[in-house]
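In: here is a sequence with its predicted model. Questions after.
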Amino acid sequence: MSTVPSPASPLDGLRFAFGTLTVLPVRVTRWDRPAARGGMLGAPLVGLVVGGCAAGLGLLLLKLGASPLLAAVASAAVPAVLTRGLHLDGLADTADGLGSGKPAEDALRIMKQSDIGPFGVLTLVLVLLAQTAALAQAYGDSWARGAVAAVTSAVAARLALTLAARAGVPAARPEGLGAAVAGVVPVAGAVAVAAGCVVVAALGGGLSGVADGVRTAASVAAALAAAELLLRHCTRRFGGVTGDVFGGLAETASTTALTVLALGG
């Protein structure tokens, strides 16, 4: 007879979030759906920590006399290091799967291969260039704008994962991270977390002026919209989400947020 998992504590959720979404030495004590629900609801907090580290390194380099470009490269590198490149790898694999034009089963097989194809390489190059260019512009405007951009993009990336894990979004495979978190987040909870993040983004950006506050909030909203379009396309093409798709969604959201922040500055 099957048993219903006991409710997960907030600490269980945080351990799941940091243990699965970063390389930080956090031991995941529960690998069940209640813990996954708490973890995915708390994913933006992971983004706050990752983005804070990225901004901190960028600001340190600026303080030591580095150029905005070098600070931007460092800030773009920190999330990759703290995730062991998993999101970038997922982006590349998703691009290869979508670019193959093959049926879902064949596309999923391509995504599981260890090598990266031409679509994946091209996507990685363009995304990293876009992220670095946008961060360099932000740091060139002011240290505050650079720090806000680094944090906002990291939070938007993980917030996209919260929404992608909402109820009604199926898993493409019966195993892996995608299957572990697919559909675990109630829609109302995902919407509430998203709304809260947009408000906090507006307040954080607003420290530099009303226009910056509006732009920062808009960057998060645009990031979620871009990630949602990719999510729906992947769901149609693959029959659901995978761990690679989650990585692709995170990088898409991050890049979109940075691009919007670079407009009208």
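Out: Now that the structure is in, tell me what you want to look at.
In: okay, CA-based contacts and neighbour counts for the rest of this
Out: Will do.
In: which parts of this structure are strands?
Out: With DSSP state E, there are no strands along the chain.
In: what about it, any weak spots by pLDDT?
Out: Counting by pLDDT under 70, the low-confidence segments of the chain come to 1-4, 265.
In: what residues of the biggest helix by length in it count as buried?
Out: Taking DSSP state H as the criterion, the chain has its longest helix at helix 210-238. Burial within helix 210-238, assessed by neighbour count using 16 or more other Cα atoms under 10 Å, is assigned to 212-224, 226-228, 230-232, 234-235, 237-238.
In: now do stretch 139-151
Out: Going by neighbour count (16+ other Cα under 10 Å), the buried part of stretch 139-151 is 139-140, 143, 145-151.
In: show me which pair in these is furthest apart.
Out: 140 and 151 (16.3 Å; Cα to Cα).
In: make CSV out of the buried residues of stretch 139-151 and add distance to residue 10.
Out: Formatted as CSV, the buried residues of stretch 139-151 follow (distance: Cα to Cα, whole Å):
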residue, distance to residue 10
139, 35
140, 39
143, 34
145, 32
146, 31
147, 28
148, 27
149, 28
150, 26
151, 23
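In: show me the residues you listed that map onto helices.
Out: 139-140, 143, 145-151.
In: going by distance to residue 12, which of those residues wins?
Out: Nearest to residue 12 among these is residue 151, at 24.3 Å by Cα to Cα.
In: which residue is the nearest non-sequential neighbour of residue 76?
Out: residue 132 (6.2 Å; Cα to Cα, 6 or more residues apart in numbering).
In: that neighbour: neighbour count?
Out: Neighbour count of residue 132, defined by other Cα atoms under 10 Å: 24.
In: look up how far residue 221 lies from it.
Out: 21 Å (Cα to Cα, to the nearest Å).
In: and for residue 239?
Out: 26 Å.
In: can you check residue 41 too?
Out: With Cα to Cα as the criterion, residue 41 and residue 221 are 17 Å apart.
In: residue contacts, residue 127?
Out: By Cα atoms under 8 Å, 6 or more residues apart in numbering, residue 127 lies in contact with 251, 255.
In: what about 7 Å?
Out: residue 255 (Cα atoms under 7 Å, 6 or more residues apart in numbering).
In: how close does it sit to residue 251?
Out: Residue 127 is 8 Å from residue 251, by Cα to Cα.
In: and residue 229, by the same measure?
Out: Taking Cα to Cα, one finds residue 229 at 13 Å from residue 251.
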